[in-house]
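requesting a structural model of the entry that follows:
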Amino acid sequence: MSADNALQGAGNKDPRDIILKPVVSEKSYGLIDEGKYTFLVDPRASKTEIKFAIEKIFGVKVASVNTLNRVGKARRTRFGTGKRKDTKRAIVTLKSGTIDIFTAVG
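You can find the predicted model right below:
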């Protein structure tokens, strides 16, 4: 995929549809000190789309994006077995700037 195609693909989607919410956990707070921020993202989003969405929403420069797919747990319910949603997380490393995830943006 060339950079031009990635720009066109990322331009069709609203950045707020790609970035769902920040992850609030002890591990994600530890990574903030290293300039790494963790977000729940749309499972269909590519790393390039995630990069452009973060840069557009927060106005920062992204150095790299690491993603991980988490399979939802199978749970027993009173009606049989169920399953939690599969989720995708993105750990975003910044070149410059910081993100204040506790304030509403735009």
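
isn't there a helix covering Lys13?
No: counting by DSSP: H, G, I helix; E, B strand; the rest coil, Lys13 falls outside a helix, being coil.

I figured it hits Ser46, correct?
No: Lys13 is not in contact with Ser46 according to C-beta atoms under 8 Å; the separation is 10.4 Å. To be clear about C-beta, it is placed using only N, CA and C from the backbone, and glycine gets the same treatment.

and the helices in this protein?
Assigned helices in the chain, in chain order: 3-11, 15-18, 26-32, 47-58 (criterion: DSSP state H).

what's the model's confidence in the second one, averaged?
What it means is helix 15-18. Average pLDDT, helix 15-18: 90.

ok, residues contacting it?
Helix 15-18 has contacts (C-beta atoms under 8 Å, 6 or more residues apart in numbering) with 41-42, 45, 49-50, 52-54, 56-57.

so where's the chain shaky on pLDDT?
1-11, 102-106 (pLDDT under 70).
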